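[1] For reference, the sequence and a predicted model appear below.
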Amino acid sequence: MKTSFSNNNLLSSAVLVLNANYSPMTICTAKRAISLYFLNKIDVLSNYDDKINSPSLSLDLPSVIKIKTYIKNNNMAVEISRKNILARDGYKCQYCGAQSKALTVDHVIPKFRNGLDSWENLVAACKNCNQIKGEKTPEEAKMPLLKKPKRPNRIHYFQRLVKKKQADWRPYLFMEPLN
């Protein structure tokens, strides 16, 4: 049993939530997962190595849970936001490849030319490249994109969150076969 973290830190651990058909739905905190467990709304499929302790109870910390009742949820879309665009692009300027947390979001087809606020038209760009490109297209500015921007889905979003500690998530996110 690990004791390096307090219960409060452990309760904020990420837990993968699967629908009754085992499709990934969302990520919640361990605190929420434990609440759902005591309400008999989920099955715990996998646990972290850690335990949550109270004066009268010791529980394994859940890592992957499955909701018992199927919830109609076929929305695999990821919300478009500055944060999610930068994450999709790996915090890398899509023009010069500079890696930074201080990036802007650029419209590939400028807004004044009816460029949309869409996954396919927004990319991470360093301030310098964004200024140089200005209101031109990448072709006009002679600044080709490193990769074509595309709409991510929730599976890709969840896959980015998998670290060594979340190895149990991998089969449910199509990163390796189920045992």
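    Nice, thanks for sending it over. Residues are numbered from 1 along each chain as shown.

[2] What are the contacting residues of stretch 99-118?
    Residues from elsewhere that reach stretch 99-118 (CB atoms under 8 Å, 6 or more residues apart in numbering): 80, 82, 85-86, 90-95, 120-127, 129-130, 133, 135-138, 145, 149, 151. All C-beta spots, glycine's among them, are computed from the backbone N, C-alpha and C.

[3] That stretch spans what distance, first to last residue?
    Terminal residues of stretch 99-118 lie 22 Å apart, using CA to CA, to the nearest Å.

[4] now it, how far from the centre of its chain.
    Distance of stretch 99-118 from the chain centroid (CA atoms, centre = their mean, to the nearest Å) equals 21 Å.

[5] Can you point out the buried residues in it?
    Neighbour counts over stretch 99-118 (16 or more other CB atoms under 10 Å) mark 103, 104, 105, 106, 107, 108, 110, 115 as buried.

[6] Over to stretch 130-149?
    Here stretch 130-149 shows 130, 133, 138, 143, 149 as buried, counting by 16+ other CB under 10 Å.

[7] got the residues you listed as TSV, with secondary structure and pLDDT columns?
    TSV is the format used below for these (DSSP: H, G, I helix; E, B strand; the rest coil; pLDDT from 0 to 100):
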residue	secondary structure	pLDDT
130	helix	95
133	helix	96
138	coil	97
143	coil	97
149	coil	97
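
[8] right, and residue 146 touches residue 97 too?
    Yes: using CB atoms under 8 Å, residue 146 is in contact with residue 97, at 6.0 Å.

[9] in the host helix or strand of residue 62, what counts as buried?
    Taking DSSP states H and E as the definition, one finds residue 62 inside strand 58-67. Buried residues in strand 58-67, defined by neighbour count with 16+ other CB under 10 Å: 59, 61, 62, 63, 64, 65, 66, 67.

[10] ok, and what's touching it?
    10, 13, 15-20, 22, 25, 30, 33-34, 36-37, 41-53, 166, 168-169, 172.

[11] how about a cut-off of 6 Å?
    With contacts defined as CB atoms under 6 Å, 6 or more residues apart in numbering, strand 58-67 is touched by 10, 15-20, 30, 33, 42-48, 50-52, 168.

[12] out of these, which are buried?
    Those of the contacts of strand 58-67 that meet the buried threshold are 10, 15-19, 30, 33, 42, 44-48, 50-52, by 16+ other CB under 10 Å.

[13] In the sheet, which residues pair with residue 47? Tell me.
    residue 62 (DSSP bridges).

[14] which one is residue 50 nearest to, not counting chain neighbours?
    Excluding the flanking residues, the one nearest residue 50 by CB to CB, 6 or more residues apart in numbering is residue 61, at 4.3 Å.
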